[in-house]
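[1] Okay, here's the prediction I keep looking at, along with the sequence it came from:
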Amino acid sequence: MTARVGVVTFPGSLDDRDALRAVKLAGAEPVALWHRDKDLHQVDAVVLPGGFSYGDYLRAGAISRFSPVMETIIEQAKGGMPVLGICNGFQVLTESHLLPGAMLRNNHLHFVCKDQKLRVENNTTAWTSDYAQGQEIMIPLKNMDGRFTADRRTIDELEAEGRVVFRYLDGNPNGSIDDIAGITNAAGNVVGLMPHPEHAVEPLIGTGGTDGTGFFTSILKRLVNA
Amino acid sequence: MARVVVDVMLKPEILDPQGQAVQRALPRLGFEGIADVRQGKRFELEVEGPVDEAALARIHQAAETFLANTVIEDFVVRVEESQ
């Protein structure tokens, strides 16, 4: 038995195909989900992919957050279903309030596209258990609105509870508070990050490494052992 | 139809690099003496029917849940007087 991992396509999603492929390469069964379909087709986990859903109109992720598929995902995520938000998916998760804080325009106002080194600060979430605590990984980063922000009390809470999952290394690419690249909810089933693990799962493309594979093998192990 | 305006601004403590870029460009264009610029959004809502308390309450709710992200933004709702 393997696990079914859904990937949502919103109008304007770009990385849904790569996410489906990464799920498949990890050995799970990829399931394409559609933004207007409330039905999650018996998936065990969901990936919200990168892109510019609804053209980033209003705010990045603000309109996607009210799409029919998100109604079901928000409800099930609160019940413990694992959800990974990558880049635009992370923005959808903060707009949905499944994760705290908000995403703002990069502080230097330029689009960023580079290979980014990260440190895994928490390997106990549903999506990071295949990494070592403190492991350094290199995966692509590409965004316009990547500056994570929250009020000081929220940041202190995230830090104290070990809910900062990834931190940027070798320089902060967007002005994100405390070099935060990704966070998790209190239960550890919902994780969001700006960089793109799904673009680093095969030696031929992306960074040339496979440092992103661990996200998808982590979730597979979690679901199969559940 | 009555018009209700919702102004959305980044909270004062949130860095606004777009506003800063505008502010820096002003002197280059000969507009001196502008110490700071903050950039926001203005929504003009054309309301069907009377703009009574109930209608304003609904617009307030729409602004709070959708038009603004209250984690980073403040908003003001006001009725625009007809010309």
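    Everything's here; your move. Everything numeric in this text was worked out from a predicted model, so none of it was measured.

[2] only C-alpha atoms for contact and neighbour calcs from this point on.
    Will do.

[3] Quick check: chain neighbours aside, which residue is closest to A:L25?
    Nearest in space to A:L25, with sequence neighbours left out and distances taken as CA to CA, 6 or more residues apart in numbering or on different chains, is A:V201 at 7.9 Å.

[4] how much space is there between that neighbour and A:G214?
    9 Å (CA to CA, to the nearest Å).

[5] who has more neighbours, the two?
    A:V201 (27 against 20; other CA atoms under 10 Å in any protein chain shown).

[6] Tell me the pLDDT of that one.
    If you check A:V201, the pLDDT there is 96.

[7] and the helix or strand hosting A:L220, what does it pack onto?
    For A:L220, the element it lies in under DSSP states H and E is helix A:213-224. With contacts taken as 3 or more CA pairs under 8 Å, 6 or more residues apart in numbering or on different chains; DSSP states H and E, helix A:213-224 sits against helix A:16-25.

[8] what ranges of chain B fall below the confidence cut-off?
    Within chain B, the ranges that satisfy pLDDT under 70 run B:82-83.

[9] Chain A contacts on that one?
    B:L15, B:P17, B:Q18, B:F66, B:L67, B:N69, B:V71, B:I72 (CA under 8 Å from any CA of the partner chain).

[10] right, and the pair among the residues you listed with maximum separation?
    Greatest spatial distance among the residues of chain B next to chain A (CA to CA): B:P17 and B:F66, at 22.8 Å.

[11] Just to check, the residue nearest to A:L25 is in contact with A:D211?
    Yes: the pair formed by A:V201 and A:D211 meets the contact definition of CA atoms under 8 Å, at 6.6 Å.

[12] which residues touch the residue in chain A positioned nearest to chain B?
    Per CA to the nearest CA, A:N107 is where chain A lies closest to chain B, at 5.9 Å. Residues in contact with A:N107 (CA atoms under 8 Å, 6 or more residues apart in numbering or on different chains) are A:R147, A:N174, A:G175, B:L15, B:P17.

[13] That one: what secondary structure?
    coil (DSSP: H, G, I helix; E, B strand; the rest coil).

[14] now the helices for chain B?
    Along chain B, counting by DSSP state H, helices occupy B:17-28, B:53-62.

[15] actually chain A, not the one I wrote
    Under DSSP H, chain A gives helices at A:16-25, A:68-78, A:88-95, A:152-160, A:213-224.

[16] can I have the longest one written out in CSV, keeping just the CAs?
    Listed in CSV are the C-alpha atoms of helix A:213-224, where the atom choice follows Å, rounded to 0.1, in the frame of the first residue of the first chain:
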residue,chain,number,x,y,z
THR,A,213,13.5,14.6,-2.1
GLY,A,214,13.4,14.4,1.7
PHE,A,215,10.1,16.3,1.9
PHE,A,216,8.4,13.7,-0.2
THR,A,217,10.0,10.6,1.4
SER,A,218,9.2,12.0,4.8
ILE,A,219,5.5,12.3,4.1
LEU,A,220,5.4,8.9,2.5
LYS,A,221,7.0,7.2,5.6
ARG,A,222,4.6,9.2,7.8
LEU,A,223,1.5,8.0,5.9
VAL,A,224,2.5,4.4,5.3
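
[17] what angle separates that helix from helix A:16-25?
    Orientation check (axes from the mean of the first three to the mean of the last three CA atoms, to 10 degrees): helix A:213-224 against helix A:16-25 gives 60 degrees.

[18] Just the buried positions in helix A:213-224, please.
    Residues of helix A:213-224 classed as buried under the neighbour-count rule (16 or more other CA atoms under 10 Å in any protein chain shown) are A:T213, A:G214, A:F215, A:F216, A:T217, A:S218, A:I219, A:L220, A:K221, A:R222, A:L223.

[19] Adding mean pLDDT, write the helices of chain A out as a markdown table.
    Shown next, in a markdown table, are those (pLDDT from 0 to 100):
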| stretch | mean pLDDT |
| --- | --- |
| helix A:16-25 | 97 |
| helix A:68-78 | 98 |
| helix A:88-95 | 97 |
| helix A:152-160 | 97 |
| helix A:213-224 | 96 |
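
[20] which residues does A:E161 contact?
    Per CA under 8 Å, 6+ apart, neighbours of A:E161: A:A186.

[21] coming back round to it: how about the helices of chain B in JSON lines, adding mean neighbour count?
    JSON lines is the format used below for those (neighbours: other CA atoms under 10 Å in any protein chain shown):
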{"stretch": "helix B:17-28", "mean neighbour count": "15"}
{"stretch": "helix B:53-62", "mean neighbour count": "14"}
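
[22] Brilliant, that's me finished.
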